[in-house]
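Engineer: Structure, please.
(2 chains)
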There are 2 protein chains.
Amino acid sequence: MNITKPHLFINKQIVSENITRMKNLALNAGVSFRPHFKTHRNTQIAEIFKQHGITKITVSSLTMAETFANAGFKDITIAFPFNILEIEKLKTTQQISKINLLVESLFTLQFLSKYLEKKTDIFIKIDSGYHRTGINPNNISEIEKLVEICIQSQTLNFIGFLMHAGHTYKAKSKQEILEIHKHSELIAGNLKTKFPEAIVSIGDTPSCSIAKSFNNIDEIRPGNFVYYDIMQLQLGSCKFENIAAIVACPVVAIHQHRNEIVIYGGGVHLSKEQLTINNKPYFGAVCLYNEENRKFQILEHSFLTSLSQEHGIVKMHSQFIEKINPGDIIGIAPVHICMIPLIENSSDFTIQ
Amino acid sequence: MNITKPHLFINKQIVSENITRMKNLALNAGVSFRPHFKTHRNTQIAEIFKQHGITKITVSSLTMAETFANAGFKDITIAFPFNILEIEKLKTTQQISKINLLVESLFTLQFLSKYLEKKTDIFIKIDSGYHRTGINPNNISEIEKLVEICIQSQTLNFIGFLMHAGHTYKAKSKQEILEIHKHSELIAGNLKTKFPEAIVSIGDTPSCSIAKSFNNIDEIRPGNFVYYDIMQLQLGSCKFENIAAIVACPVVAIHQHRNEIVIYGGGVHLSKEQLTINNKPYFGAVCLYNEENRKFQILEHSFLTSLSQEHGIVKMHSQFIEKINPGDIIGIAPVHICMIPLIENSSDFTIQ
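Structural biologist: Model (predicted):
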């Protein structure tokens, strides 16, 4: 294959290993595995999940639910507060797949109670500490109000609670991730005391990759683990060899006097998601590409320091720069793979 | 029109006014106007430029050059260091349009000299202080080497120098932008003393929006001005009423106790480009949407404080939150419009 512009490579074998590992973890922990498809957003990768026997999935938009319902998935949770403006599209999608909804607002739940036609499983979103969405787990009266609406309704079937400990992404150590996870288990336990029939679903890849126990948890919904990325590597969720997605970028200019090369690969390909490492912005790791075996190998002390629309600036040691010419290909392991726009454009990626 | 998910609105009248203003500025300054199409990347917006008599354009990739060549533009500068891996595609595109190239490297220029078949105008990239790409303007011997290769070549026609003062985006005041621009004028003057036949082209929207003189400059290539955005507003390049692109987003949750609403609109729609205002991250301004006249009005003291993949968190005053319900639509004026992925998906935007 002839790479001439930014191109995403997905290593199918690593994807398969990542799925196997997470599936076995769920199996051993006795929890249900409902992977989040927001990371790959791709029906070819969905097929690999199918080969692993995965039938129940999570998505983060109704548009995605529709895509994967059409791809044969018949039990889909939309882990995003239901957007009432999409009620008609929901009804259409419910004709081809079981769709489970997430709510946190009385207003939305009353709306659903009025307009839903099909019996629908409802998760109540609980804020386990990330403070993005969800009800405070101590606000039992608010939760009871929502559960009561479901009980009174012909169509709303309250099934349980959904949490996403997104604050693990800001953790400074594995220990901190484990503490956040322990807190999620505690919240789950408390909720189950009050609502014994409810199931509890949790979601983030760092917790699911690092935790050893899942007390009071019934279901896990990690997404990022399918590819992993540099953020997960930093958090300790994975090793470099578990990273399945690398963006190959042509070198277009070399500035040896400042140890920089310029690549064709910018924010429109890699997103502007960044880490701060040693007080400096960091947009991705640099890998050398071996055209023969199509493998990438990480290049130490080399990283993407800046991104504009189409340009990326890579800092690397002078001894490597000497060997590089315009027209060479280097690999970038992205900071946060879920965010990269390239992933949507199937003409710019290859599953190896 | 029924908005149910993140949707980009382009106000055609404002686009037209922005083009007229920049075109007249170029006319009055006696410089050539070659707008950069990397911001809109859209053939419908290109048609508006055509109606204003614009025939010569700038793009930042060969892919874009191909798109606009097919849309009828027959004189296109690719303001990105030429990527030698795309030589075959370049030759194909040169069959339908004049393509002007940018180089800064001996290696690339020698490659072009060997493989180009058609006589091609060549710009040498000069680093005017942004330090992304380009040759130091004081490195006359390096510049002379490149010019010499063009002179010896049958196909390479050295036409002049191209600069992009991207450091204006980091400026703290209009005065600082004017100083950067003055430095560009100075560099241009020095280059013309050495290379009297060369033209000099400059590019950034802040300089082109704020400067009053264009001494020693022959051509301007602003792009962002067609829509403008919050970054340009902060820099003083435009007023709010000059912003032509707003993303309409459904409200999906309300957290009145922390003055927050959650919108369906995340990094995959708006990009993660951010400003820091009052030491806090800032991802966009909030506008209220009037469905009847389809106009957006800025809401003071309200802004997008965080973005994940599909969620946006908006902080606003409690008095406004009281009036908002899930299912309402609010507008987000993006930080950096050139970067937003939504712009690529024509099914998710409307030109009013």
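Engineer: for chain A, which helix is longest?
Structural biologist: helix A:174-194 (DSSP state H).
Engineer: which residues touch that one?
Structural biologist: Identification of contacts with helix A:174-194 by C-beta atoms under 8 Å, 6 or more residues apart in numbering or on different chains yields A:126, A:128-129, A:137, A:140, A:143, A:161, A:163, A:165, A:167-168, A:171, A:198, A:200, A:202, A:206-207, A:210-211, A:213-217, A:235-236. Every residue, glycine included, has its C-beta placed from N, CA and C.
Engineer: With adjacent residues omitted, what lies nearest to A:Leu235?
Structural biologist: Among residues not flanking A:Leu235 along the chain, A:Pro206 sits closest, at 5.0 Å (C-beta to C-beta, 6 or more residues apart in numbering or on different chains).
Engineer: name the element that neighbour belongs to?
Structural biologist: Secondary structure assignment for A:Pro206, by DSSP states H and E: helix A:205-210.
Engineer: how about the CA coordinates for that helix, as PDB?
Structural biologist: Output of helix A:205-210 as PDB, limited to C-alpha atoms (Å, rounded to 0.1, in the frame of the first residue of the first chain):
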ATOM      1  CA  THR A 205     -11.300   2.300  30.500                       C
ATOM      2  CA  PRO A 206      -8.700   3.200  33.200                       C
ATOM      3  CA  SER A 207     -10.900   1.700  36.000                       C
ATOM      4  CA  CYS A 208     -11.700  -1.400  33.800                       C
ATOM      5  CA  SER A 209      -8.100  -1.900  32.800                       C
ATOM      6  CA  ILE A 210      -6.600  -1.500  36.300                       C
END
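Engineer: Name the residues that touch it?
Structural biologist: A:22, A:25, A:165, A:168-169, A:171, A:174, A:177-178, A:180-181, A:184, A:202, A:220, A:222-225, A:228, A:232, A:235-238.
Engineer: Pass me the low-pLDDT residue ranges in the stretch 251-352 of chain A, would you?
Structural biologist: A:291, A:294, A:344-347 (pLDDT under 70).
Engineer: who in it is up against chain B?
Structural biologist: When proximity is defined as C-beta under 8 Å from any C-beta of the partner chain, the stretch 251-352 of chain A approaches chain B at A:252-255, A:258, A:262, A:264, A:267-268, A:271-274, A:306, A:308-311, A:313, A:325-327, A:338-339, A:341, A:344.
Engineer: Beyond the lengthiest strand in chain A, next helix or strand please.
Structural biologist: The residue-count maximum for a strand in chain A (DSSP state E) belongs to strand A:295-307. Of the helices and strands lying after strand A:295-307 in sequence (DSSP H and E), the nearest is strand A:311-315.
Engineer: returning to what we had before: filter the contacts of helix A:174-194 to the buried ones?
Structural biologist: With burial judged by 16 or more other C-beta atoms under 10 Å in any protein chain shown, the buried subset of those is A:126, A:128-129, A:137, A:143, A:161, A:163, A:165, A:167-168, A:171, A:198, A:200, A:202, A:206-207, A:210-211, A:214, A:216-217, A:235.
Engineer: before we move on, back to that, output the longest helix of chain A in CSV with nothing but the alpha carbons.
Structural biologist: C-alpha atoms of helix A:174-194 as CSV (Å, rounded to 0.1, in the frame of the first residue of the first chain):
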residue,chain,number,x,y,z
LYS,A,174,-2.7,3.9,39.4
GLN,A,175,-3.4,4.1,43.1
GLU,A,176,-5.6,7.2,42.5
ILE,A,177,-7.5,5.3,39.8
LEU,A,178,-8.1,2.4,42.2
GLU,A,179,-9.4,4.8,44.8
ILE,A,180,-11.8,6.4,42.4
HIS,A,181,-12.9,2.9,41.4
LYS,A,182,-13.4,1.9,45.1
HIS,A,183,-15.6,5.0,45.5
SER,A,184,-17.7,3.8,42.5
GLU,A,185,-18.1,0.4,44.2
LEU,A,186,-19.2,2.1,47.4
ILE,A,187,-21.8,4.2,45.6
ALA,A,188,-23.0,1.1,43.8
GLY,A,189,-23.4,-0.7,47.1
ASN,A,190,-25.3,2.2,48.6
LEU,A,191,-27.7,2.4,45.7
LYS,A,192,-28.3,-1.3,45.7
THR,A,193,-29.3,-1.1,49.4
LYS,A,194,-32.0,1.4,48.5
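Engineer: What residues of that helix count as buried?
Structural biologist: Across helix A:174-194, burial judged by 16+ other C-beta under 10 Å covers A:174, A:177-178, A:180-181, A:184-185, A:187-188, A:191-192.
Engineer: taking the mean pLDDT, what do you get for the following helix or strand past it?
Structural biologist: Toward the C-terminal end, the helix or strand that comes next after helix A:174-194 (DSSP H and E) is strand A:199-202. The average pLDDT for strand A:199-202 rounds to 98.
Engineer: all helices for the stretch 51-200 of chain A, in order.
Structural biologist: Assigned by DSSP state H, counting those that start in this stretch, the stretch 51-200 of chain A shows helices spanning A:62-70, A:87-94, A:106-115, A:140-152, A:174-194.
Engineer: sec struct for the most far-flung residue of chain A relative to its centre, please.
Structural biologist: No residue in chain A has its C-alpha farther from the mean C-alpha position than A:His257, which lies at 39.0 Å (C-alpha atoms, centre = their mean). Here A:His257 is recorded as helix under DSSP: H, G, I helix; E, B strand; the rest coil.
Engineer: ok, it to A:Gln13 distance?
Structural biologist: Computed as C-beta to C-beta, to the nearest Å, the A:His257 to A:Gln13 distance reads 41 Å.
Engineer: For the stretch 101-250 of chain A, what lies in contact range of chain B?
Structural biologist: By C-beta under 8 Å from any C-beta, the residues of the stretch 101-250 of chain A that approach chain B are A:104-105, A:107-108, A:111, A:131-133, A:166, A:250.
Engineer: please redo it, this time with the cut-off set to 6 Å
Structural biologist: With the criterion set to C-beta under 6 Å from any C-beta of the partner chain, the stretch 101-250 of chain A comes near chain B through A:104-105, A:107-108, A:133, A:250.
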